[in-house]
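**Student:** no sequence on this one, just coordinates:
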């Protein structure tokens, strides 16, 4: 299992490579979430859901399998099996807390297995902590597109093309990725959407025996939670949406805003680095240090860094520099990685890139990258030509020169995706739901604070809790102010005041 800090970083290849998803067969692109409720109503579906059979799976956890229809429009048709895990409550039980770490593509099972670190003892005392791998992810009918060797080449591919020839090579690689997904997962692709997963989530709630849902979603998991609330507002007990996405934002706009977020996070890191000891940019000002990072990444385009037998290309070096920006506690690791990279050794940057791409030490990949793209590409729409991506990359590079082109081009497979987009960006209101707590971090690189503010405003019962800190997501990140507010809301159902800002910690 990955270090817990990596779960606070489960959203990059999310927006870059921008990962979102589709509704069921026959629903036209652009339809709103609230317009696609299943025929027959919730009561009929409630009666169809059976309880879960739990078995011991070690370390105090219990595992089960949830059966859901491939197509929720055909509930008696082909079924999928979703992996579920829970850590039973340690005290008087209030119900279940379902958790999702984001991605999309990240394993909810693995996240729940980190519950003793991810969720406070106060909450674990009153709730079973439950995680599930969404359809297409991990142990739940995983989508597969490329073998490990081809994934290595895809992740390392030049994603800042400087010439027409390089752009052509990038387009060819994106088409191969999309074609591989069509070849290996054609029937699954149209049914991997966030609306489908939200329906699965409601079936899970019913199978758990909970009258209403208590939920903690981080990063992309906030979009899943918001979709659920919009579909099933009367089934909401308490939802924490931490590191929020804005469902009303276009994919193009969100890629650009995420790129700017990482630029701001890099600047905050550089400022901190220059104020301490052993900074590799000592003697320079902030702008000069930022320029040196950009120059380092560009040099890797011409001469890849050494990576212990694997060339560290510009794409890998950029991903390796992005990863520690998710968590302020990882900034010292970024300092050491950059120190070595400036001397030609990209091994630490490569290790970081592998962590976020889901590559294991033995060269095998989890399917989080493939699943993430599969979800995001059908939750589009995206531009449909490489020329449009080139224009977006050029525009974004003006505000985010180090990260903008990389993040924009990482979504290119979505231009050639074999399943139609079925979610059109629009505000989700969840009319009739009880208070929903939206948490935003002021200098979150992956999900900028403006997205949390927007989502809290779009939800009729949204309550915004801000954190004046660095890194991706806030709950469990060391702020007593944030943790206490979230814990009280989950246990007692009492949210903090709307617009409260918790101070940052150093």
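**Tutor:** All right, it came through fine. If you're wondering where the values come from, they're calculated on a predicted model, not measured in any experiment.

**Student:** show me where the stretch 151-300 of the chain has strands.
**Tutor:** Taking DSSP state E, counting those that start in this stretch, the strands of the stretch 151-300 of the chain run over residues 213-218, 236-242.

**Student:** please identify the pairing partners of the first one and their relative orientation?
**Tutor:** Sheet pairing of strand 213-218 (DSSP bridges) gives strand 95-100 (parallel), strand 236-242 (parallel).

**Student:** starting at the chain centroid, how far to the last one?
**Tutor:** Right, strand 236-242. 17 Å (CA atoms, centre = their mean, to the nearest Å).

**Student:** what does the average pLDDT come to for that strand?
**Tutor:** Across strand 236-242, pLDDT averages out at 98.

**Student:** how about that strand: buried residues?
**Tutor:** Under the neighbour-count criterion of 16 or more other CB atoms under 10 Å, strand 236-242 has 236-242 buried. C-betas here are computed from N, CA, C, even on glycine.

**Student:** quick check, nearest of those to residue 93?
**Tutor:** Ranked by distance to residue 93 (CB to CB), the buried residues of strand 236-242 are led by residue 237 at 13.9 Å.

**Student:** could you tell me whether residue 131 really is in a helix?
**Tutor:** No: looking at residue 131 with DSSP: H, G, I helix; E, B strand; the rest coil, it is strand, so not inside a helix.

**Student:** how deep is it tucked in, by neighbour count?
**Tutor:** 26 (other CB atoms under 10 Å).

**Student:** wait, it touches residue 98, no?
**Tutor:** Yes: look at residue 131 against residue 98 with CB atoms under 8 Å: they come within range, at 7.3 Å.

**Student:** next up, phi/psi of residue 247, please.
**Tutor:** With angles defined as degrees, to the nearest 10, residue 247 sits at phi -60, psi -20.

**Student:** returning to what we had before: with distance to residue 108 added, can I get the strands of the stretch 151-300 of the chain in JSON lines?
**Tutor:** As requested, those are exported to JSON lines (distance: least, CB to CB, whole Å):
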{"stretch": "strand 213-218", "distance to residue 108": "10"}
{"stretch": "strand 236-242", "distance to residue 108": "15"}
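
**Student:** my read is that residue 359 contacts residue 155, right?
**Tutor:** Yes: taking contacts as CB under 8 Å, residue 359 lies within contact range of residue 155: 7.5 Å.

**Student:** what touches both of these two?
**Tutor:** In terms of CB atoms under 8 Å, 6 or more residues apart in numbering, residue 359 and residue 155 are both contacted by the residues residue 353.

**Student:** who has more neighbours, the two?
**Tutor:** With neighbours defined as other CB under 10 Å, residue 359 and residue 155 compare such that residue 155 has more, 24 against 21.

**Student:** pipe the strands paired with strand 213-218 into CSV and attach distance to residue 53 per row.
**Tutor:** Shown next, in CSV, are the strands paired with strand 213-218 (distance: least, CB to CB, whole Å):
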stretch, distance to residue 53
strand 95-100, 16
strand 236-242, 25
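
**Student:** nearest to residue 400, of those?
**Tutor:** strand 236-242 (23.9 Å).

**Student:** look at residue 162 and report its pLDDT.
**Tutor:** Predicted confidence (pLDDT) for residue 162: 88.

**Student:** do the same with residue 34
**Tutor:** So, for residue 34, pLDDT stands at 32.

**Student:** and if you look at residue 486?
**Tutor:** 98.

**Student:** only the buried residues of the helix or strand hosting it, if you could.
**Tutor:** Under the criterion of DSSP states H and E, residue 486 resides in helix 480-492. For helix 480-492, the neighbour count (16+ other CB under 10 Å) marks 481-483, 485-487, 489-491 as buried.

**Student:** angle of it against strand 213-218?
**Tutor:** Counting by axes from the mean of the first three to the mean of the last three CA atoms, to 10 degrees, helix 480-492 lies at 160 degrees to strand 213-218.

**Student:** centre of the chain to whichever helix or strand comes after helix 480-492, how far?
**Tutor:** Moving toward the C-terminus from helix 480-492, the next helix or strand (DSSP H and E) is strand 500-502. Strand 500-502 sits 24 Å away from the centroid of its parent chain (CA atoms, centre = their mean).

**Student:** repeat for stretch 272-292
**Tutor:** 30 Å.

**Student:** what is the rounded mean pLDDT of that stretch?
**Tutor:** 95.

**Student:** endpoints of it, how far apart?
**Tutor:** 16 Å (CA to CA, to the nearest Å).

**Student:** do the same with stretch 119-133
**Tutor:** 18 Å.

**Student:** got it, and stretch 132-142?
**Tutor:** 13 Å.

**Student:** quick one: list the elements packing against the helix or strand containing residue 340.
**Tutor:** Per DSSP H and E: residue 340 is located in helix 331-341. For helix 331-341, the elements it packs on are helix 251-274, helix 286-302, helix 314-322, helix 347-357, judged by 3 or more CB pairs under 8 Å, 6 or more residues apart in numbering; DSSP states H and E.

**Student:** give me that answer again for 6 Å
**Tutor:** helix 347-357 (3 or more CB pairs under 6 Å, 6 or more residues apart in numbering; DSSP states H and E).
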